[in-house]
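In: Provide a 3D model corresponding to the input given below.
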Amino acid sequence: MLVREVMTAPVVTVPRTWTATQAVRLLCEKDITAAPVVDESGRMIGIVSEMDLLRGELEADPRAYLHFAAASDARPALEVEEVMTPNVKTVREDTDVLELVELLVTMGMKSVPVVRGDELVGIVSRRDLMRMLAAGGDDADQ
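Out: Model prediction:
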């Protein structure tokens, strides 16, 4: 089976100038775990995942420390570009799904963008692969 048969398209993307909070809302609204980050021309420059956003949005609570830290003014909103993963592993549409699974397992990734040359054409998540397995039916029935 090839990646094009299980990928999700079109891809939900996030502009690099969005705030991390906007990206959190989008991922929740679309029920996805990651989204490619694109520049003004639509070119993929990274990917932002739930974990990237959690790390970027949550900070230590000073009440958890014995020594009181002086309260600082509210920090400026983080942009997606500041928390995203910039070096993205990708696959092509004609990549074998087994190669994709190996990439997911060895790299600990949850989602992999699918490209055609420099163009972003899809994304495959672990959930997409689980749906593929579920649609395959029960082995006992065969």
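
In: pull the helix or strand with minimum mean pLDDT from the chain.
Out: helix 50-57 (a mean of 84; mean pLDDT, DSSP states H and E).

In: And the next helix or strand past that one?
Out: Sequence-wise, the next helix or strand downstream of helix 50-57 (DSSP states H and E) is helix 80-83.

In: any idea which residue sits dead centre in this structure?
Out: The chain has Ala34 as the residue nearest its centroid, 2.1 Å off, counting by CA atoms, centre = their mean.

In: residues contacting Asp52?
Out: Each residue near Asp52 by CB atoms under 8 Å, 6 or more residues apart in numbering is listed here: Val83, Met84, Thr85. Where you see a C-beta, it was placed from the backbone N, CA and C, and this is true even at glycine.

In: just the buried members of these?
Out: The neighbour-count criterion (16 or more other CB atoms under 10 Å) marks Val83, Met84 among the contacts of Asp52 as buried.

In: ok, of the contacts of Asp52, which one's closest to Ala135?
Out: Thr85 (29.8 Å; CB to CB).
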